[in-house]
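A.B. asks: sequence first, predicted model second:
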Amino acid sequence: MPQDVTATGNAVEPRVDPPVRITESVLDETRRKRIFDLLSQSGWQFGWKSDPKADLHAFWHKHFAGSIHPDHFLKEGHGRQYDCAEELQRKAPPIHEMWEHLRGTALVGHVLMRCYANGHTFGSDGSVHTDSLVEHSFTSVYYPHQRWEPNWGGETVLFDKDKSDIVASVYPRPNRLATFRGTIPHVARGVSRVCPVMRITLMFKTELRQD
């Protein structure tokens, strides 16, 4: 992955804190296929929006565990965040097995708050948004497909705080995990007209605990 840089006048300096951490080859092929097959089954619901108050267009969604509302809405009385690992184990054992693997590798010290999948087909777009208002919250996006093509689009794009520039763009390479702070504005770019499949991503929303 190219080194993330910040331009200062005519100079170019490395960023101290890269906005996204990439983990490649997260699962062995048997486990990747098991996760992808599970996500490809029925149970999808259409109508989910990145920002339900502003978005005109919706996409596919499949909820597994945790509060369905992000912590933005806590002040409005829409539920609460909680450790949902046991709930995930009851509802989706293969994904819970993956979570156990992640919390021992890429997500050591993290507590699971939400787990769900999103699906995008051509014309079903999200918008730039944040997942959390809490600095110790993180979003990890897993790309479960066996194959992905550059002309299909579907990148995860991260923006700076005021949404005036792109700070990172993550290609949905199969079996890749992208982890970033939930406070970073980001968007799942829509797939192109030539994309023949639904872009599926599996999300783990976590909080990093120091205790």
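C.D. replies: Arrived safely, thanks for sending.

A.B. asks: where in this structure is pLDDT low?
C.D. replies: Residues of the chain meeting the criterion pLDDT under 70: 1-17, 73-79, 210-211.

A.B. asks: from T23, how far off is the residue nearest the centre of the chain?
C.D. replies: Nearest to the mean C-alpha position of the chain, counting by CA atoms, centre = their mean, stands V141 at 3.0 Å. Distance, V141 to T23, using CB to CB, to the nearest Å: 11 Å. (Each C-beta comes from the backbone N, C-alpha and C, glycine too.)

A.B. asks: need the residues touching each of those two.
C.D. replies: L177, A178, T179 (CB atoms under 8 Å, 6 or more residues apart in numbering).

A.B. asks: from what I see, the first one and Y142 are in contact.
C.D. replies: Yes. Between L177 and Y142 a contact is recorded at 5.1 Å, counting by CB atoms under 8 Å.

A.B. asks: more neighbours: the two, which one.
C.D. replies: The neighbour count for L177 versus Y142, taken as other CB atoms under 10 Å, is higher for Y142 (27 against 23).

A.B. asks: who does the more buried one bridge with?
C.D. replies: L177, L202 (DSSP bridges).

A.B. asks: and for the closest residue to Y143 other than its chain neighbours, the neighbour number?
C.D. replies: In this structure, Y143 finds its nearest non-sequential neighbour in P172, 4.3 Å apart by CB to CB, 6 or more residues apart in numbering. By the criterion of other CB under 10 Å, P172 has 23 neighbours.

A.B. asks: what residues are up against P172?
C.D. replies: Residues near P172 by CB under 8 Å, 6+ apart: Y143, H145, W148, G154, E155, T156, R199, T201.

A.B. asks: surely the residue nearest to the centre of the chain and K205 touch.
C.D. replies: No. Using CB under 8 Å, V141 is not in contact with K205; the gap is 10.2 Å.

A.B. asks: circling back: who touches both of L177 and Y142?
C.D. replies: Residues touching both L177 and Y142 (CB under 8 Å, 6+ apart): V26.

A.B. asks: how much space separates the residue nearest to Y143 from C84?
C.D. replies: 25 Å.

A.B. asks: next one: R31
C.D. replies: 21 Å.

A.B. asks: so these two - more neighbours on which side?
C.D. replies: More crowded of R31 and C84, by other CB under 10 Å: C84, with 21 against 16.

A.B. asks: which SS class is L88?
C.D. replies: Secondary structure state of L88, per DSSP: H, G, I helix; E, B strand; the rest coil, is helix.

A.B. asks: coming back round to it: shared neighbours of V141 and K205, anything?
C.D. replies: In contact with both V141 and K205: no residue, using CB under 8 Å, 6+ apart.

A.B. asks: tell me the helix or strand right after the helix or strand hosting T139.
C.D. replies: Secondary structure from DSSP states H and E places T139 in strand 137-143. Along the chain past strand 137-143, the next helix or strand (assigned with DSSP H and E) turns out to be strand 156-159.
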